[in-house]
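Undergrad: give me a 3D structure for the following:
(chains A, B, C and D)
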Protein chains: 2
Amino acid sequence: MSEAEPSTAPLVGLAAAILAATLDEPRVLTVPVADQPEGRTEGLPAGPLEPAHPTLERGLRAWVERQTGQSLGYVEQLYTFGDRDRRRGGKGDVGLHALSVAYLALVREARPAADSAWQSWYRYFPYEDRRAGRTDDLDAIAARLAAWAEAASSPEARRRRGDRIGLTFGAAGSGWNEERVLERYELLFEAGLVPEAGADLDVSPLTGRPMAHDHRRMLATALGRLRGKIKYRPVVFELMPPAFTLGQLQRVVEALSGILLHKQNFRRLVAHQGLVEETEAVTAETGGRPARLMRFRREVLLERPAPGLRLPSNRTG
Amino acid sequence: MSEAEPSTAPLVGLAAAILAATLDEPRVLTVPVADQPEGRTEGLPAGPLEPAHPTLERGLRAWVERQTGQSLGYVEQLYTFGDRDRRRGGKGDVGLHALSVAYLALVREARPAADSAWQSWYRYFPYEDRRAGRTDDLDAIAARLAAWAEAASSPEARRRRGDRIGLTFGAAGSGWNEERVLERYELLFEAGLVPEAGADLDVSPLTGRPMAHDHRRMLATALGRLRGKIKYRPVVFELMPPAFTLGQLQRVVEALSGILLHKQNFRRLVAHQGLVEETEAVTAETGGRPARLMRFRREVLLERPAPGLRLPSNRTG
DNA sequence: GGGTAAATGCTCATATTGAGCATATACAGG
DNA sequence: CCTGTATATGCTCAATATGAGCATTTACCC
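TA: Numbers count the residues shown, from 1 in each chain, chains lettered A, B, ... in the order given. Down below sits the predicted model:
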């Protein structure tokens, strides 16, 4: 972003959360960012909207390609952020607006280019990875959040904070809801448990590393959206190679959603929905009986109203 | 919107699809718009983002209040449109961008103020109202769309157009999907069956009346989002009075979704989910046995992960 | 008192889920 | 060759959820 201009029109930026999944790790493409507070040295590919850009999305693709060399396939607009990180106008209190239109992109290949890098997205949200089954990290976060709730001024406010903690981090009957990524991040933000909100950098092992600007918020939005979308749209296949085993597919879904699934039920679901079809090939792979290679059945888009992976139960199997 | 300024920064507008439901009719709040092509005299409340606005949403609320006197309750960002209706720069081909951040708002009361007016939203999308059970309107649209598909240059393109028609207007196994409001509108747009895309105004009885700028597209986005959202979030209650009967609730849901529901199953669903609780009162109402008045059970938000009205079957009952 | 119009209560057959048990087929080692 | 170990696959079973109706109850209108 360049220096301030003598205009009342807002600056409009474009930013992309570019996601991929390699092995069992979900990734996000980051670029180095200078001139930021301590520890916030990574950001999402981003750049200002320019008059030469025919559309917002085309502008985004141009910036991403320029900064990372990556060309995008599936792209979807996420949200327009305009409330924070406002640009200072000149002197007064009232700054000019700096909007950011954030996008979600899904890609297959993961070859880093230029000085961009693929990072596990759980680097920024460690607590979103529930696959290990441990709960000590959540317990630690819960303790800090409880303290924050207690610190509220009125009993009413305490109750509201407590409800919100239960709702987002799971305590009431609802339990953990993997889609509420943004709500959890915003709660941690308000509770002052992330560096962006004034916390010390050493909360990072617990609440994750910060990003430049408000990019961590954008990434949280992207994860939540993706986790929701795989349930009713076959977007996972944007992340898979042309041929894959059901085990691989499951492991990618688990990596994205951060929870473990019941194996037999997962394959029943995939089969029942007609999301995939068998190929001739099988693969030796890791250990165990060879698995049949499958491919995405594109026709499913015409057959079902909402073809997706309505995540079955969690738990292993 | 004011005149062009000597800057390369884009203009950013804010627009709101403010929805309500009175009786059996879903409504949208419109304002008169001048300087538009024939027939496009209505638009959504909208105005430019100004430096004085602390946030996008606050700016939106300010504009709506100024133009319609309506104060907003539930507000949610929908989408940022930037590709069409671009502002001409000075002479050349390359114009400056004109972005519009569109919002969805839900309100209860429906008292029009200033020169704004509540309109049934099926005025703009008549074919989205499937409650009557007739299909002659869809047949007529299907015929025109079929002609458009036939007019494609290659067999491949014809097939793709046909698939898309089936997917959006329902033909294949999928049938009518009430959420695909935007996809249907965009298909009609591309097929040149709406005035905004060059069609004559007399297609309006079939494909609906146009709006100023790209506001009809925004409204379509809002309807689709709302129709989807009532299934997993209790947003309908934003449109209901504090106390209501299950019959009224059902009629509002039907009005929003444009389809009829099975009465007994609907009430079973609402009850099972714990979305409402009984009050002491009953009401005489129209004809028939008096109905118990219910109220929204706010606690459901803490109990269920996705409390909503997963629309049961259609058909009457 | 009879007819009409909801509002409610219940039943039943069919899917859809959540959890497991049991088998099949590789590979690594001894 | 035989024994684990690690997946991949097949199937079963109980608990729910969903789609369609039938039957009653309780007003209001003639």
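Undergrad: please make it C-alpha for all contacts and neighbour counts, starting now.
TA: Will do.
Undergrad: quick one: contacts for the closest residue to A:Gln67 other than its chain neighbours?
TA: Residue nearest to A:Gln67 in three dimensions, not counting chain neighbours: A:Pro45, with 6.6 Å by Cα to Cα, 6 or more residues apart in numbering or on different chains. Neighbouring residues of A:Pro45 by Cα atoms under 8 Å, 6 or more residues apart in numbering or on different chains: A:Ala15, A:Ala16, A:Ala17, A:Leu29, A:Thr30, A:Val31, A:Trp63, A:Val64, A:Gln67, A:Thr68.
Undergrad: nearest to B:Glu278 among the residues you listed?
TA: If you rank those by distance to B:Glu278 using Cα to Cα, A:Ala17 comes first, at 45.9 Å.
Undergrad: could you measure from the closest residue to that closest one other than its chain neighbours over to DNA strand C?
TA: Of all residues not flanking A:Ala17 in the chain, A:Leu104 sits nearest, at 5.0 Å (Cα to Cα, 6+ apart). Here A:Leu104 is placed at a distance of 27 Å from DNA strand C (Cα to the nearest atom of the strand, to the nearest Å).
Undergrad: please, which helix or strand holds the residue of the stretch 101-250 of chain A at minimum distance from DNA strand C?
TA: Of all residues in the stretch 101-250 of chain A, A:Lys231 sits closest to DNA strand C, at 10.3 Å by Cα to the nearest atom of the strand. Assigned by DSSP states H and E, A:Lys231 falls within no helix or strand.
Undergrad: again with A:Leu206
TA: helix A:204-207.
Undergrad: same question, A:Glu278
TA: Assigned by DSSP H and E, A:Glu278 falls in strand A:276-283.
Undergrad: mind checking the pLDDT average for that strand?
TA: For strand A:276-283, mean pLDDT rounds to 93.
Undergrad: tell me the buried residues in that strand?
TA: Buried residues in strand A:276-283, defined by neighbour count with 16 or more other Cα atoms under 10 Å in any protein chain shown: A:Val276, A:Val282.
Undergrad: just to revisit the earlier point, quick one: which of the contacts of A:Pro45 has the most company?
TA: A:Ala16 (30 neighbours; other Cα atoms under 10 Å in any protein chain shown).
Undergrad: for the longest strand seen in chain A, what is the distance to the chain centroid?
TA: If you go by DSSP state E, chain A has its longest strand at strand A:11-22. Remark: strand A:11-22 is offset 10 Å from the chain centroid, using Cα atoms, centre = their mean, to the nearest Å.
Undergrad: other SSEs contacting it?
TA: Secondary-structure packing of strand A:11-22 (3 or more Cα pairs under 8 Å, 6 or more residues apart in numbering or on different chains; DSSP states H and E): strand A:25-32, strand A:46-48, helix A:56-68, strand A:98-106, helix A:215-229, helix A:246-257.
Undergrad: export these as a markdown table, with columns for mean pLDDT and distance to A:Gly133.
TA: Below are the helices and strands packed on strand A:11-22 laid out as a markdown table (pLDDT from 0 to 100; distance: least, Cα to Cα, whole Å):
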| stretch | mean pLDDT | distance to A:Gly133 |
| --- | --- | --- |
| strand A:25-32 | 96 | 16 |
| strand A:46-48 | 95 | 35 |
| helix A:56-68 | 96 | 35 |
| strand A:98-106 | 96 | 27 |
| helix A:215-229 | 98 | 19 |
| helix A:246-257 | 96 | 13 |
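Undergrad: out of these, nearest to DNA strand D?
TA: helix A:246-257 (4.0 Å).
Undergrad: the closest one and DNA strand D in contact?
TA: Yes. Applying Cα under 7 Å from any atom of the strand, one finds helix A:246-257 touching DNA strand D at A:Leu246, A:Gly247, A:Gln248.
Undergrad: picking that back up, okay, the angle between the longest strand of chain A and helix A:246-257?
TA: Interaxial angle, strand A:11-22 versus helix A:246-257 (axes from the mean of the first three to the mean of the last three Cα atoms, to 10 degrees): 150 degrees.
Undergrad: pairing partners for strand A:11-22, with directions?
TA: Strand A:11-22 pairs in its sheet with strand A:25-32 (antiparallel), strand A:46-48 (antiparallel), strand A:98-106 (parallel), by DSSP bridges.
Undergrad: distance to B:Phe81 for these - can I get that in CSV?
TA: As requested, the strands paired with strand A:11-22 are exported to CSV (distance: least, Cα to Cα, whole Å):
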stretch, distance to B:Phe81
strand A:25-32, 25
strand A:46-48, 16
strand A:98-106, 10
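Undergrad: with distance to DNA strand D as added columns, please give those strands in a markdown table.
TA: Shown next, in a markdown table, are these (distance: least, Cα to the nearest atom of the strand, whole Å):
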| stretch | distance to DNA strand D |
| --- | --- |
| strand A:25-32 | 15 |
| strand A:46-48 | 38 |
| strand A:98-106 | 24 |
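Undergrad: about what we covered before: what sits up against the longest strand of chain A?
TA: With contacts defined as Cα under 8 Å, 6+ apart, strand A:11-22 is touched by A:26-29, A:44-49, A:56, A:59-60, A:64, A:96-110, A:218-219, A:222, A:239-240, A:252, A:255-256, B:9-10.
Undergrad: what is the burial count for A:Ala110?
TA: Other residues close to A:Ala110 by other Cα under 10 Å number 16.
Undergrad: how close does it get to chain B?
TA: A:Ala110 is 29 Å from chain B, where distance means Cα to the nearest Cα, to the nearest Å.
Undergrad: same thing with A:Ser257?
TA: 16 Å.
Undergrad: same check, this time on A:Thr30
TA: Relative to chain B, and taking Cα to the nearest Cα, A:Thr30 is found at 24 Å.
Undergrad: who's in contact with that residue?
TA: A:Glu42, A:Gly43, A:Leu44, A:Pro45, A:Ser116, A:Ala117, A:Trp118, A:Gln119.
Undergrad: could you rerun that using 6 Å?
TA: A:Gly43, A:Leu44, A:Ser116, A:Ala117 (Cα atoms under 6 Å, 6 or more residues apart in numbering or on different chains).
Undergrad: out of those residues, who's nearest chain B?
TA: A:Leu44 (19.5 Å; Cα to the nearest Cα).
Undergrad: nearest residue to that closest one in space, please, no chain neighbours.
TA: Of all residues not flanking A:Leu44 in the chain, A:Thr30 sits nearest, at 4.9 Å (Cα to Cα, 6+ apart).
Undergrad: so in terms of bridging, what pairs with the one you found?
TA: The bridge-partner assignment for A:Thr30, based on DSSP bridges, gives A:Ala117.
Undergrad: quick check: the gap between the closest residue to A:Arg233 other than its chain neighbours and A:Pro32.
TA: Of all residues not flanking A:Arg233 in the chain, A:Gly308 sits nearest, at 4.6 Å (Cα to Cα, 6+ apart). Distance, A:Gly308 to A:Pro32, by Cα to Cα, to the nearest Å: 35 Å.
Undergrad: same deal with A:Val270?
TA: Taken as Cα to Cα, the span from A:Val270 to A:Pro32 is 39 Å.
Undergrad: more neighbours: these two, which one.
TA: Between A:Val270 and A:Pro32, counting by other Cα under 10 Å, A:Val270 is the more crowded of the two (19 against 15).
Undergrad: which strands and helices sit next to the helix or strand hosting the more buried one?
TA: Here A:Val270, judged by DSSP H and E, is contained in helix A:263-272. Contacting helix A:263-272 under the criterion 3 or more Cα pairs under 6 Å, 6 or more residues apart in numbering or on different chains; DSSP states H and E is no other helix or strand.
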